[in-house]
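A.B. asks: A predicted structure for the sequence below; I have some questions about it.
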Amino acid sequence: MTQTLAELTSVDDPAGPLLREWLEAGQVDAQILAVEPERRDQCLVGMQVTLRSVLGALAYETGGLLIDHGWLRLLGGGHGTLPSLYEALGLHEGSAAPEYFVLGWDVVGGVFALDGGALRGVKGHVCYYAPDALQWENLDFGHAEFVRWTLSGGLATFAADLRWEGWETEAPEIPLDEVYLSDPPLWTTEGQEVDEAARRRVRVDELLAHHGEAAEAMSHPDRSDLD
């Protein structure tokens, strides 16, 4: 049975105060994007999550979070060109439960998602689609712990091999719906020299499609149509 907006927001123990506590105590720069009320309400009802969860708090109280100088764009209830958690799902009313929830992405196209049973991890765990490996990696924790980890400096070590000198000034400048595509690509041997690579801006959906094509080509090296 679908819960109404009033039912989803009327909870005894909302996670909003906990999220704000993490933001205030965070060890990295974090910008809270203003949420658009109409998109926020649609997001909460569409996803059917209550304010008792950190996921619900993000969707209802923020348009999204820009974490660590904008390196990570964590989705919330929607802000400008940054989609809401619901919009990123591409769901519609009455659709089946999704195989995974896109939670956000970093500026080099790595995607964080909550596994609904289709990824390489455990259902309910957060996974990361690594742009330098073209595969999903299980991060071994759930959503709330993931959010706290990002706000506590976890990305510093995790993303070290993907960052180049000066990324702190470049990452905040890229539009919310764009990411950097490296040349040579990050998944090639040459592309691992991130300080030497050239970068251009592309739309998020364009880079993700590019990743998918590259991963398909790597899994079928003898198919000439994927060259």
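C.D. replies: Received, thanks.

A.B. asks: Can you tell me the SS state at the residue minimising distance to the centre of the chain?
C.D. replies: Nearest residue to the geometric centre of the chain (Cα atoms, centre = their mean): Gly104, 1.2 Å. Under DSSP: H, G, I helix; E, B strand; the rest coil, Gly104 falls in the strand class.

A.B. asks: which residues does it contact?
C.D. replies: By Cβ atoms under 8 Å, 6 or more residues apart in numbering, the contact set of Gly104 is 64, 72-75, 111-112. (Each C-beta comes from the backbone N, C-alpha and C, glycine too.)

A.B. asks: Touching the host helix or strand of Pro17 from outside, list them.
C.D. replies: Here Pro17 sits within helix 16-25, counting by DSSP states H and E. Helix 16-25 has contacts (Cβ under 8 Å, 6+ apart) with 30, 32, 51, 54, 57-58, 60-61, 65, 147-148, 151-152.

A.B. asks: Just the buried residues of the helix or strand that that helix is followed by, please?
C.D. replies: The first helix or strand that comes after helix 16-25 along the chain, using DSSP H and E, is strand 30-33. Buried residues in strand 30-33, counted by 16 or more other Cβ atoms under 10 Å: 30, 32-33.

A.B. asks: strands paired with strand 30-33, and their directions?
C.D. replies: Sheet pairing of strand 30-33 (DSSP bridges) gives strand 64-67 (antiparallel).

A.B. asks: tell me what the helix or strand just after the strand it pairs with is packed against?
C.D. replies: Sequence order places strand 72-75 as the next helix or strand after strand 64-67, per DSSP H and E. Packing partners of strand 72-75 (3 or more Cβ pairs under 8 Å, 6 or more residues apart in numbering; DSSP states H and E): strand 64-67, strand 100-106, helix 143-151.

A.B. asks: nearest to His79, of those?
C.D. replies: strand 64-67 (5.2 Å; Cβ to Cβ).

A.B. asks: Please state the offset of the closest one from the chain centre?
C.D. replies: Mean C-alpha position of strand 64-67 versus that of the full chain (Cα atoms, centre = their mean, to the nearest Å) differs by 10 Å.

A.B. asks: Return the residues in contact with the residue nearest to Gly77 when sequence neighbours are not counted.
C.D. replies: The shortest distance from Gly77 to any non-neighbouring residue, by Cβ to Cβ, 6 or more residues apart in numbering, is to Arg40 (3.5 Å). Neighbour list for Arg40: 59-60, 63, 76-78, 84 [criterion: Cβ under 8 Å, 6+ apart].

A.B. asks: All good on my end, thank you.
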